[in-house]
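*Asks:* Structure for this input, please:
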Amino acid sequence: MTGEPRLTPRQELVLCKVVRTFQATSLPVGSKSLALDTEIGAGPSTIRNELAWLEGQGLLDHPHTSAGRVPTDAGLRYYVDHLIDDVPAVSVDLELMRREVDAAMRLVSQRLSELTDLLAVVSAPPIGTATVRHIEVLLLQPHVVAVVVITSTGGVTRRVFTFEQRVDQGLVQWAAEYLRERVEGLGLGARMLHSRLRESGLGPRESAFLATIAPTFTELEEAGEDSLYVEGTARLMRGRDLSVASELLELLEQRRSMLGALRAALTTGDVLVRIGAENPDPALRSLSHVAGAYGLPRRPLGTVSLIGPLQMDYGAAISVVRSAATQLSRYVSDVYDD
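*Replies:* This is a model prediction of the structure:
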């Protein structure tokens, strides 16, 4: 056999089914069992022909006198290079981890707004203070590499890079091992992390590969800078003067400005209350702002806030903010690697 064989879509599907069934059972796969798979949509005789063709191309083998086939090394290589990128198992797990922190923040903001009939704003922990918990470097196709980074707060980023030349599997394995050994446990904002991506003792091939995938880490750091969860905007807009409402909406849209307005609560021992003109931001000067910090001991990570009219029930607002901050502190202490 010269060169890589060209498979029809059905032949690729049959090869994929043989590989996955063999992975699950360690037993040869026969045409009768494959014919029961409605996704293939062919009878035993047609499937036997496809299996024979795949065997002739060196992708399957016939280990015994039975009709069952097993994938060869070449068959597994074809599967890895062309078919493995549709396997959902890893992405499902990562999506669950990604939603872990997001769901908690969103739930708190929704619940606070419902309880108080006020605007609730919760800021997520800044990703730059998180550490790298786990790294995966995966060769999806001969020219395509995926890099997955999971942080200590459950944040996940997945970047896919396409190379002009075929990527050596050994280089990908080296990168995964190197990054796990040298980068896992470091803070995303740490200088040491970035220096280890540019380490001088590496060879030119390794250095070039790390330089290509380095944006995975910088983009994850930048992605968390404006993580705000806002609920109850419509409630606060009811009865507001149009100009005041416009200023407030603009503030909420400018996430960085809103984070600045909330930042004072990070240095306050208890709940911060600002009434009307006490708010430094003009958009909040006709409103009151009640905020509290949550996080780890001696390390605040985010804020819980309520914004509403001057006549709000301050006692209830302070109590709700304090309770929510306490509960979020307990939550992040379980999922955040201090």
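
*Asks:* Tell me which stretches of this structure form helices.
*Replies:* Along the chain, the stretches classed as helices by DSSP state H are 9-25, 31-35, 44-56, 73-78, 89-116, 169-182, 191-196, 204-213, 215-223, 233-237, 242-253, 255-262, 314-335.

*Asks:* between those, which one is nearest to R285?
*Replies:* With distances scored as C-beta to C-beta, the stretch of those nearest to R285 is helix 242-253 (8.9 Å). Where C-beta positions appear, they are placed from N, C-alpha and C, glycine not excepted.

*Asks:* Please work out the average pLDDT along the closest one.
*Replies:* Helix 242-253 carries an average pLDDT of 64.

*Asks:* Same check on stretch 78-98?
*Replies:* Stretch 78-98 comes out at a mean pLDDT of 49.

*Asks:* Now stretch 108-116: buried residues?
*Replies:* V108, S109, L112, S113, L115, T116 (16 or more other C-beta atoms under 10 Å).

*Asks:* ok so, going back, looking at the helices of the chain, which is closest to I307?
*Replies:* In terms of C-beta to C-beta, the element of the helices of the chain nearest to I307 is helix 233-237, at 6.6 Å.

*Asks:* pLDDT (mean, whole number) over the closest one?
*Replies:* In this model, helix 233-237 has an average pLDDT of 70.

*Asks:* Now do the domain split for the protein, please.
*Replies:* Domain ranges of the chain: 9-86, 98-124+227-335, 128-223, per automatic domain parsing.

*Asks:* mean pLDDT for those domains: which is lowest?
*Replies:* Lowest mean pLDDT within the domains of the chain: domain 98-124+227-335, a mean of 78.

*Asks:* Kindly reformat the helices of the chain as TSV containing distance to P297.
*Replies:* Below are these laid out as TSV (distance: least, C-beta to C-beta, whole Å):
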stretch	distance to P297
helix 9-25	46
helix 31-35	58
helix 44-56	60
helix 73-78	50
helix 89-116	19
helix 169-182	29
helix 191-196	24
helix 204-213	35
helix 215-223	24
helix 233-237	33
helix 242-253	31
helix 255-262	21
helix 314-335	8
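
*Asks:* The ones you listed: which one's closest to L140?
*Replies:* Using C-beta to C-beta, the nearest of the helices of the chain to L140 is helix 169-182, at 9.9 Å.

*Asks:* Summarise which helices and strands that closest one is packed against.
*Replies:* Packing partners of helix 169-182 (3 or more C-beta pairs under 8 Å, 6 or more residues apart in numbering; DSSP states H and E): strand 132-141, helix 204-213.

*Asks:* now the last one: how far from the chain's centre is it?
*Replies:* Here the centre of helix 204-213 is set off from its chain's centre by 23 Å, with C-alpha atoms, centre = their mean, to the nearest Å.

*Asks:* quick one: that helix to helix 169-182, angle?
*Replies:* Interaxial angle, helix 204-213 versus helix 169-182 (axes from the mean of the first three to the mean of the last three C-alpha atoms, to 10 degrees): 70 degrees.

*Asks:* Can you spell out which helices and strands pack onto helix 204-213?
*Replies:* On a contact count with 3+ C-beta pairs under 8 Å, 6+ apart, helix 204-213 meets strand 156-162, helix 169-182.

*Asks:* right, and the domains of the chain - which one's nearest G3?
*Replies:* The closest of the domains of the chain to G3 is domain 9-86. By C-beta to C-beta, the value is 10.5 Å.

*Asks:* what separates the closest one from the chain centre, distance-wise?
*Replies:* Here the centre of domain 9-86 is set off from its chain's centre by 33 Å, with C-alpha atoms, centre = their mean.

*Asks:* coming back round to it: so which of the helices and strands packed on helix 204-213 gets nearest Y78?
*Replies:* Relative to Y78, the nearest member of the helices and strands packed on helix 204-213 by C-beta to C-beta is helix 169-182, separated by 13.6 Å.

*Asks:* Tell me the buried residues in the closest one?
*Replies:* Buried positions in helix 169-182, judged by neighbour count with 16+ other C-beta under 10 Å: L171, V172, W174, A175, A176, Y178, L179, R182.

*Asks:* which one among these gets closest to H143?
*Replies:* For the buried residues of helix 169-182, the nearest to H143 is V172 (11.8 Å; C-beta to C-beta).

*Asks:* wait, doesn't Q11 sit right on W53?
*Replies:* Yes: between Q11 and W53 there is a contact under C-beta atoms under 8 Å: 6.7 Å.
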